[in-house]
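Engineer: Need coordinates for the below:
(4 chains)
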4 protein chains.
Amino acid sequence: MGNTFGHLFRITTFGESHGGGVGVVIDGCPPQLEISEAEIQIDLDRRKPGQSKITTPRKESDTCQIISGVFEGKTLGTPIAILVTNKDARSQDYDEMAYKYRPSHADATYDAKYGIRNWQGGGRASARETIGRVAAGAVAKKILNSVAGVEIVAYVKRIKDLEASVDSNSVTIQQVESNIVRCPNPESADQMIELIERAKRDQDSLGGVVECVARHVPKGLGEPVFDKLEAELAKAIMSLPATKGFEIGSGFAGTTMTGSEHNDQYYLDENGETRTVTNRSGGIQGGISNGENIILRAAFKPTATIGKQQRTVTNSGDETVLAAKGRHDPCVLPRAVPMVEAMVALVLCDHFLRHQAQCKSLK
Amino acid sequence: MGNTFGHLFRITTFGESHGGGVGVVIDGCPPQLEISEAEIQIDLDRRKPGQSKITTPRKESDTCQIISGVFEGKTLGTPIAILVTNKDARSQDYDEMAYKYRPSHADATYDAKYGIRNWQGGGRASARETIGRVAAGAVAKKILNSVAGVEIVAYVKRIKDLEASVDSNSVTIQQVESNIVRCPNPESADQMIELIERAKRDQDSLGGVVECVARHVPKGLGEPVFDKLEAELAKAIMSLPATKGFEIGSGFAGTTMTGSEHNDQYYLDENGETRTVTNRSGGIQGGISNGENIILRAAFKPTATIGKQQRTVTNSGDETVLAAKGRHDPCVLPRAVPMVEAMVALVLCDHFLRHQAQCKSLK
Amino acid sequence: MGNTFGHLFRITTFGESHGGGVGVVIDGCPPQLEISEAEIQIDLDRRKPGQSKITTPRKESDTCQIISGVFEGKTLGTPIAILVTNKDARSQDYDEMAYKYRPSHADATYDAKYGIRNWQGGGRASARETIGRVAAGAVAKKILNSVAGVEIVAYVKRIKDLEASVDSNSVTIQQVESNIVRCPNPESADQMIELIERAKRDQDSLGGVVECVARHVPKGLGEPVFDKLEAELAKAIMSLPATKGFEIGSGFAGTTMTGSEHNDQYYLDENGETRTVTNRSGGIQGGISNGENIILRAAFKPTATIGKQQRTVTNSGDETVLAAKGRHDPCVLPRAVPMVEAMVALVLCDHFLRHQAQCKSLK
Amino acid sequence: MGNTFGHLFRITTFGESHGGGVGVVIDGCPPQLEISEAEIQIDLDRRKPGQSKITTPRKESDTCQIISGVFEGKTLGTPIAILVTNKDARSQDYDEMAYKYRPSHADATYDAKYGIRNWQGGGRASARETIGRVAAGAVAKKILNSVAGVEIVAYVKRIKDLEASVDSNSVTIQQVESNIVRCPNPESADQMIELIERAKRDQDSLGGVVECVARHVPKGLGEPVFDKLEAELAKAIMSLPATKGFEIGSGFAGTTMTGSEHNDQYYLDENGETRTVTNRSGGIQGGISNGENIILRAAFKPTATIGKQQRTVTNSGDETVLAAKGRHDPCVLPRAVPMVEAMVALVLCDHFLRHQAQCKSLK
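Structural biologist: A predicted model of the protein is given here:
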């Protein structure tokens, strides 16, 4: 259970890090949308391993194949199945992990839950699973852009204590992609890269914060009560591996203000449109988008798999130590950027369709 | 849409702050559970308005009535409908809000979405909606307690900048309920109450952080991939009114540590049980509970409705000012405590049933 | 579980035949629809007991109350909760049924499933549960009529072996309502009433067939693969109490024809619209409506509760006999007519919204 | 939308008749179940084209590949993705169908709904889509058999007017598989084969009835109200291509009996188990299985695609005629048998898990 996301634009992902492959089935995509493997591949390439010196050296091209749902370059309205086969052969690196639980990884909990586990790589808990999300997110982005010009830009805001100054109103995807750490502030980017390289040399790992802005989101998206837009975004983000926290708008910092300081007062802009002077709400009020930029942040913990020796136990109940071999990211954030964008796009696209259905059908 | 929560233990809430009433339908509750209106009322009383000098003075007894699904004191396995009628007559206090949008409230977004809105009180966006959640949460707590001895305790951890020191391993509901602000640290509680009273006098409002611990949660709850336990908890919490952030375990602070510092190393306890030395994971790894305490935090913004004058616009497109009359909470946190507990209980109960279905049925 | 129906226009019913009441929560209703208790009451009155000499004499006014979701006569887009309280006091008639299982009723299976059962009346298995469906169906009908002029007319086609000749293209609700058995053919109606009265005198019961036509259904409703329109209609109809069969278009009779006889050949009508010469498809091809009339039939078995003595067992495992006391319908079909209409309306309304969402959003 | 089926044992199918392939993702399968491609292939071979002289001659091996969810021969509890690639190259046979609508086929309605269609073969409306269902059904059957010894046997009961006498209590899958028409009565089978061959020579097609029995189904499966077992089975069956009707137990014939004739009276068997003297209920009462054999029937219309010339229209709005070339089944029933079994297995397996969750978790 739990491998399906979305109510109308609905995706189901499948696959383990080792085995036949990973992929996604997208159900509910509007028909007649132009889409190609090449367009989807752009985001998959931003996610793939081995893309730079600060990511895992595992080499996978992650080339996607559209199995169904697209005909002569256009969506049919039927399920779009996208497959990425696993090229990497079963590695000796993982032999030790067949019986030693990696601390703060999913090894032990999968065993506790299922009594069985594909111990090669991370199995289903591997970040390879996010390939399906990123592929589906590329389709969602295209829909959102074509119906409302929505722009979704995520970027690394902080690595460890090193926080970058970024203007979310103007940041572009070109700025984000201009460096391998995906921080649009070039100075901070250089320092972040250095920090990550040091951690890598130390056989250690780092975490940080990804920020994401969605611009030109139409007013009215989001469903009270349980499917508030911020609730759906929170679930989407917190379903990504390694996340420990979520903020919308002012977030935790907003709790230290008084109401009169925090409230986003209204004014009318030059077009007579109701706007807010500030945007502490992060573009959502009462669970519904208000037309301002949606701004959110995701906390990613330092990668659990590290080369340093740690205390652990085996699946047969013995205490032992583990210094993980194998290839892993010293910091997941650069590759998490397209994942965050994808999850935000999936939520917004689903809610765009939901809003059309309920609130535009009688007109 | 969006008024239903849960996959197997599934609740649907209904009702506006003014009108016939508010309530919940619980579907999927196991049969033969002993439950009474009196038990449910305990949590409703912790949530109700007018309970102390630091909450809104609106007087509602919030007395619940079980309409269906319970027979001779036991659940039937059929839907449990619980109704709380609204006693409060339509108030003159809200007349101004029929056309002036309260800043950072849902007034404007509801109008943008639906083109219509019950402007008396908060309508559907009112925190009265949470009555149904709290009632259902009381049932969920009883199930969890009876099957596994699960204890769920939430409390006010911080008001504005004033953070209390609380030991989540030992905190009791009695300590929480020993004062009107629901902070189990008595010294901090006194200071918090003073802070809130001052804000009330200033016609202003305050926010803060609620922390919640769930103890004795069985291993194995939570479903990879999208329905990870922390993802479901994040959605549950972020669907509560006024929330701006969510953290599990180490949260945002955890992102400043290295992997070797952050990882929860394993050891075997005296019973040979696999345990973690630290609990930065917050009781969940790979989306699945590991048997340690589940610890989470929710950020609540300062109440949007305040007496101080603010700049706003009308629904006919004119700029104006608003100094909200009517009765409102200067700080929602004391009343948010049972709401947080309820949402955590609903998620855990749903996932307990889901886990039974998938992983215990072949045995 | 299982008390919710629909994906976008979604209803949840609750209540037992005895106890606080029965009702429904409608989620996903478009906003700004004019609706009143009086409009809903019309269909509830067609369903209610005691309406004629050939229905159960149980006296219930079944007066509905809208608790939420409607403001100043219009829907808010929020959940519409509708409640009908049970007036009838607990009857001595049911004492025997507390321990004797009525043959072909749900008594024994509820006990087997839940280990507990509200044995007063039918509990949750009572046809009183359909009050919520009929109320929600009235709202769905209004939406369908306002967006596309859809007309849904059900009627009694057959009682036992007595089949009426009815032209589904022209039959009106006025013709259906012109007699107490709800058969639009007056001659057959008289005979049917006589047949039912005889069964009543014999302490026995009768079954039959309800036919339903939906006219002016837009092309394009229905979702391949699992949610084909006929599949959703089949589930909707077969979820009504006492149903044993479902047919769409030619039904079982169609299986005796050859393909060349059965196929609905196409032609262009005077407006250049693609139409079919015949309508053996019943208005649906490949799971999707084709603009022709949707025609379906539902088989209702004879009422299980009868006054005649029958062989049965007790809940403590003894063989015994039962001659049911209490008030019951000698034939459910006259009261089933509005239930069938309601279920058809719920399916069509849900699929109308689904179609708008997927296929009209990019335009 | 509409490509997912089931609540806990949940499948999503994908694929068109031409293109990359067809397949299924199974989510919610219990872990540690032994399953192999070879076991699944058995049912796929019963479904595949070209298996005999009375099926379409299209040659596809329909060899399945498990992409994920199975490790060292056992299910992991993660999604099981199964893929069957399409071998058949794009055929010239379909060129005419690019613009001429086949009567009683889905061509015109897909165009009306989506404005686009993969006109090669049936596209998504092709019976090739059922490959995913049959593969998933094989897994469901294995679970049901291992937990409760459930046996599901479907067979051809009638072709056109030729009805076979079959004892549903004793019929075996070996008897069904002993001939190419899948009718367990050998004499009827011979006549049916002759009938189908004659229709084939006439460029025409035939329909009929498939009956299915499920034996040893545990008591208590099925969820009132909307998810009654017969309602779920009806949807499952009516979602298969070419179905026009569904019956449970006595079906339409049961409506001609009186209640005293129709009711299944209870008795205690030698083990003190509550049983019914007759089984007109078809193993289900009040939506819940009662432990008797579940018996249902599905009406399949004659294949829509025939060689005989028929009147039709083009997608550009001209009247024309069509004599379909290409390879098609003169009668779908022999290949429908494993499809019916699969759908019944999927419903029962889903409800088995649902029942465990709600009714066995507190124990």
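Engineer: what residue ranges in chain A score low on pLDDT?
Structural biologist: A:88-91, A:326 (pLDDT under 70).
Engineer: Quick one: the helices in it, in order.
Structural biologist: Counting by DSSP state H, chain A has these helices, from start to end: A:37-47, A:107-114, A:130-148, A:173-176, A:186-201, A:229-238, A:259-262, A:333-359.
Engineer: Residues of chain A that sit close to chain C?
Structural biologist: Applying C-beta under 8 Å from any C-beta of the partner chain, we find that chain A lies next to chain C at A:7-8, A:28-33, A:77-78, A:143, A:146-147, A:224, A:352-354, A:356-362. Bear in mind the C-beta positions are built from the backbone N, C-alpha and C, glycine included.
Engineer: From chain C, how far out is the nearest residue to A:Q203 once chain neighbours are set aside?
Structural biologist: The shortest distance from A:Q203 to any non-neighbouring residue, by C-beta to C-beta, 6 or more residues apart in numbering or on different chains, is to A:G307 (3.2 Å). For A:G307, the distance to chain C equals 48 Å [C-beta to the nearest C-beta, to the nearest Å].
Engineer: got the contact list for A:G307?
Structural biologist: A:G307 sits next to A:Q203, A:D204, A:A323, A:A324, A:K325 when contact means C-beta atoms under 8 Å, 6 or more residues apart in numbering or on different chains.
Engineer: Give the buried subset of those as a ChimeraX selection command.
Structural biologist: Only the buried entries of the contacts of A:G307 go into this ChimeraX selection, using 16 or more other C-beta atoms under 10 Å in any protein chain shown:
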select /A:204,324
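Engineer: Farthest-apart pair in the contacts of A:G307, please.
Structural biologist: A:D204 and A:K325 (15.2 Å; C-beta to C-beta).
Engineer: With adjacent residues omitted, what lies nearest to A:V313?
Structural biologist: Ranked by C-beta to C-beta, 6+ apart and with sequence neighbours excluded, the top spatial neighbour of A:V313 is B:Y266, at 4.5 Å.
Engineer: That neighbour: what's it in contact with?
Structural biologist: A:Y101, A:P103, A:A108, A:R311, A:T312, A:V313, A:E319, B:T274, B:R275, B:T276, B:V277.
Engineer: tally of neighbours for the residue of the stretch 201-350 of chain A found nearest chain D?
Structural biologist: The minimum distance from the stretch 201-350 of chain A to chain D, using C-beta to the nearest C-beta, falls at A:D350 (11.6 Å). Residues near A:D350, counting by other C-beta atoms under 10 Å in any protein chain shown, number 24.
Engineer: where's the closest residue to A:G21 other than its chain neighbours relative to A:G23, distance?
Structural biologist: Once flanking residues are discounted, A:G21 sits nearest to A:T85: 4.0 Å by C-beta to C-beta, 6+ apart. Counting by C-beta to C-beta, to the nearest Å, the gap from A:T85 to A:G23 is 9 Å.
Engineer: I'd like the distance between A:T172 and chain D.
Structural biologist: A:T172 is 34 Å from chain D, where distance means C-beta to the nearest C-beta.
Engineer: Isn't A:K200 up against A:I54?
Structural biologist: Yes. Under the criterion of C-beta atoms under 8 Å, A:K200 makes contact with A:I54 at 7.1 Å.
Engineer: Kindly point out which residues are neighbours of both of these two.
Structural biologist: Residues touching both A:K200 and A:I54 (C-beta under 8 Å, 6+ apart): A:P330.
Engineer: sorry, back to before: kindly list the main-chain dihedrals of the residue nearest to A:Q203?
Structural biologist: Torsion angles at A:G307 (phi, psi; degrees, to the nearest 10) stand at phi -80, psi -20.
Engineer: ditto for A:G19
Structural biologist: Per degrees, to the nearest 10, the backbone of A:G19 is at phi 120, psi -160.
Engineer: Run a quick neighbour tally on A:K308.
Structural biologist: For A:K308, the tally of surrounding residues (other C-beta under 10 Å) stands at 15.
Engineer: Around A:G254, how many other residues sit close by?
Structural biologist: 22.
Engineer: how close does it get to B:T109?
Structural biologist: 18 Å.
Engineer: do the same with A:L322
Structural biologist: Distance, A:L322 to B:T109, using C-beta to C-beta: 50 Å.
Engineer: swap in A:K360?
Structural biologist: Taken as C-beta to C-beta, the span from A:K360 to B:T109 is 16 Å.
Engineer: now swap in A:Q51 and tell me
Structural biologist: A:Q51 is 40 Å from B:T109, by C-beta to C-beta.
Engineer: In terms of neighbours, single out the busier of these two.
Structural biologist: Under the criterion of other C-beta under 10 Å, the comparison of A:Q51 against B:T109 puts B:T109 first, with 28 against 15.
Engineer: excluding its backbone neighbours, what's nearest the more buried one?
Structural biologist: Distances taken as C-beta to C-beta, 6+ apart place A:I288 nearest to B:T109, at 3.7 Å, with adjacent residues excluded.
Engineer: what bridges to the one you found?
Structural biologist: A:Q285 (DSSP bridges).
Engineer: Can you give me every residue that contacts it?
Structural biologist: So A:I288 contacts A:219-224, A:228-229, B:106, B:109-110, B:112-113 (C-beta under 8 Å, 6+ apart).
Engineer: out of those, which is most surrounded?
Structural biologist: That'd be A:L221 among the contacts of A:I288, by other C-beta under 10 Å, with 33 neighbours.
Engineer: who's in contact with it?
Structural biologist: Neighbouring residues of A:L221 by C-beta under 8 Å, 6+ apart: A:L229, A:I288, A:S289, A:L348, A:H351, A:F352, A:H355.
Engineer: Between these, which sits nearest A:E60?
Structural biologist: Closest to A:E60 out of these is A:L348 (28.6 Å), distances taken as C-beta to C-beta.
Engineer: quick one: that closest one and A:C212 touch, right?
Structural biologist: No. Counting by C-beta under 8 Å, A:L348 stays clear of A:C212, with 11.0 Å between them.
Engineer: Overlap of the contact sets of the two?
Structural biologist: Counting by C-beta under 8 Å, 6+ apart, the residues touching both A:L348 and A:C212 are A:I152.
Engineer: how close does the closest residue to A:R124 other than its chain neighbours sit to B:A164?
Structural biologist: Counting by C-beta to C-beta, 6+ apart, D:T78 is the residue found nearest to A:R124 once chain neighbours are left out, at 4.2 Å. Distance of D:T78 to B:A164, given as C-beta to C-beta: 42 Å.
Engineer: do A:F9 as well
Structural biologist: According to C-beta to C-beta, A:F9 stands 43 Å off from B:A164.
Engineer: The two: which is more packed in?
Structural biologist: The neighbour comparison of A:F9 against B:A164 (other C-beta under 10 Å) goes to A:F9, with 29 against 22.
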